[in-house]
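S.K.: here is a sequence together with a model predicted from it:
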Amino acid sequence: MVPSLKRTYILSLLVAIIFLAGCPPQRPAKKDFEKRRAAAQNAIDKAADKAPELSAVKPVSQQPARPAVKPQTQRPQAPKAQPPKPATPKVPSMTADEEAVKALVERFGIARNSYKSSPARAINELSIDANILALEDVQLIAKLTGLEKLSFTNCRDFSDEFTKELLPLKDSLTSLKIGNSPITNSSAEIIAEFQKLTELNLEKSGGIRDAAC
């Protein structure tokens with residue numbers, strides 16, 4: 001009997017040792033766990049109190065998108081009204097006689113011969129400076145009955161007969177010049193019929209004697 005009891009005791013002791021060696025460590029009491037959780041929550045609450053603005057910040061994805069700013073475009077300014085340009089006076093079209101006189105001026109050379117226009121007539125002033133001047137040329141000029149100013153210079157063939165051909169212009173001429181020509185007092189008597197003359201120049205006309213010049 002004694003040996004069997006001894007064996008039983010030894011076996012029981014071995015079982016107890018094995019049980020104690022294989023048991024996991026004891027878990028902390030429930031009360032300690034609650035304390036640790038309360039301390040952690042308290043720390044979280046304090047951190048939230050120190051930075052309250054963090055809770056108000058919304059994630060970027062939740063912030064409302066700002067409306068796109070449209071570039072300001074400048075309105076086109078209305079062009080300033082330009083002052084009206086002065087109207088260019090219209091020159092009347094030339095008659096056949098005026099065209100012929102124009103050709104005569106060009107034949108003598110426009111360097112010393114010229115004509116001018118007016119709103120009423122294509123040619124109202126004429127200046128002839130030519131050594132060779134035919135009677136037919138003076139007869140052509142006399143057809144311009146609206147001529148106002150007429151000048152003959154250095155026309156060596158300009159005689160009293162030429163002056164007589166100018167009588168059709170006695171009612172229009174206001175200025176007449178016959179310079180450096182062989183006219184005589186007979187031309188002065190013809191010119192006396194030109195009632196509208198306000199300017200008369202007979203310089204270097206050697207045949208004039210005691211004539212009003």
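M.R.: Happy to help now that I have it.
S.K.: OK, contacts around Ser187?
M.R.: Ser187 makes contacts with Asp160, Thr163, Ile178, Leu202, Ser205, Gly207, Ile208, as judged by C-beta atoms under 8 Å, 6 or more residues apart in numbering. (Glycine included, C-beta is placed from N, CA and C.)
S.K.: I'd guessed the second one sits against Ile183; true?
M.R.: Which is Thr163. Yes: the pair Thr163 / Ile183 is scored as a contact, 5.9 Å apart, by C-beta atoms under 8 Å.
S.K.: give me the phi and psi for the nearest residue to Lys196 once chain neighbours are set aside.
M.R.: Nearest residue to Lys196 in three dimensions, chain neighbours excluded: Thr174, at 5.3 Å (C-beta to C-beta, 6 or more residues apart in numbering). The phi/psi pair for Thr174 (degrees, to the nearest 10) reads phi -110, psi -20.
S.K.: Thr174 against Leu200, yeah?
M.R.: No: the criterion here is C-beta under 8 Å, and Thr174 misses it with Leu200 at 10.1 Å.
S.K.: the more surrounded of the two?
M.R.: Set Thr174 next to Leu200 and count neighbours by other C-beta atoms under 10 Å: Leu200 wins out with 17 against 13.
S.K.: show me what that one is bridged to.
M.R.: Counting by DSSP bridges, Leu200 is bridged to Leu176.
S.K.: how near is it to Ser118?
M.R.: 21 Å (C-beta to C-beta, to the nearest Å).
S.K.: give me the neighbour count for the residue lying closest to Ile141 once chain neighbours are set aside.
M.R.: Nearest residue to Ile141, sequence neighbours excluded (C-beta to C-beta, 6+ apart): Val101, at 6.1 Å. Neighbourhood size, Val101 [other C-beta under 10 Å]: 22.
S.K.: after the helix or strand harbouring Val101, next one along is what?
M.R.: Element membership for Val101, per DSSP states H and E: helix 96-108. Later in the chain than helix 96-108, the nearest helix or strand by DSSP H and E is strand 114-116.
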